[in-house]
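The sequence isn't on hand, but the structure is:
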């Protein structure tokens, strides 16, 4: 097993406690893929054809309004799964974009194959359901933060949850993620002790 598949296997063991039988059933469907910075992996109106496992780099899922204004919704980075989850699971076209913010490498599996694996293996089905549930919980937490917290409290919450994010993600995307004006975000960085 190469080092990339070993990383995925270790992640499945550690985070989801998958059995060796299920891991060995799951791994052969994953292929290496890499790309440069600012590569669009999924665009609005496209199908999400893959489930990604991030090996290197930082990516984001974002939304665009009719005027072209962006709102960053989610960041992904190693080791984690990525993609436009709702389009992936429903089979509908994506309402969001998934792009790389830095050069990135992945293992990726066609979502059609992942869905077959879910039908044929209860542990894999449970793992995906747990992952989807955790993602939904994270989105609900973020929605509450955006609606209830001040800019400063949103910034502090981000730092308490993911202190390393300031070194991984350009600040303009963090400001968008928090729903804070970029100028105010810069003021918070300068004012709050990190």
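Cool, the structure landed. Remember, it's a predicted structure, so these values are computed and weren't measured experimentally.

Flag the shaky bits of this protein, pLDDT-wise.
Within the chain, the segments meeting pLDDT under 70 span 193-194.

what about the residue nearest the centre of it, helix or strand, and which?
Taking CA atoms, centre = their mean as the criterion, residue 76 is the residue nearest the geometric centre of the chain, at 3.4 Å. Assigned by DSSP states H and E, residue 76 belongs to strand 70-77.

So in that sheet, which strands flank the helix or strand just after that strand, and in what orientation?
Following strand 70-77 in sequence order, the next helix or strand is strand 80-82 (DSSP H and E). Within its sheet, and counting by DSSP bridges, strand 80-82 is paired with strand 50-56 (antiparallel).

For the partner strand, list every residue counted as buried.
If you call a residue buried by 16 or more other CB atoms under 10 Å, then strand 50-56 has these buried ones: 50, 51, 52, 53, 54, 55. From N, CA and C alone the C-beta is placed, and that goes for glycine too.

Show me which of those is closest to residue 39.
Among the buried residues of strand 50-56, residue 52 lies closest to residue 39 (CB to CB), at 11.9 Å.

Would you check how far apart that closest one and residue 61 are?
Using CB to CB, to the nearest Å, residue 52 is found at 11 Å from residue 61.

Pull out the buried residues from the lengthiest helix in the chain.
Longest helix in the chain, counting residues (DSSP state H): helix 122-148. If you call a residue buried by 16+ other CB under 10 Å, then helix 122-148 has these buried ones: 123, 124, 127, 128, 131, 142, 145.

Look up how far residue 34 lies from residue 84.
For residue 84, the distance to residue 34 - CB to CB - is 19 Å.

Those two: who's more crowded?
Higher neighbour count among residue 84 and residue 34: residue 84, with 25 against 13, using other CB atoms under 10 Å.

shouldn't the more buried one be in contact with residue 49?
No - using CB atoms under 8 Å, residue 84 is not in contact with residue 49; the gap is 10.2 Å.

can you give me phi and psi for residue 41?
phi -90, psi -40 (degrees, to the nearest 10).

gap between stretch 166-184 and the chain center?
Between the centre of stretch 166-184 and the centre of its host chain there is 17 Å, according to CA atoms, centre = their mean, to the nearest Å.
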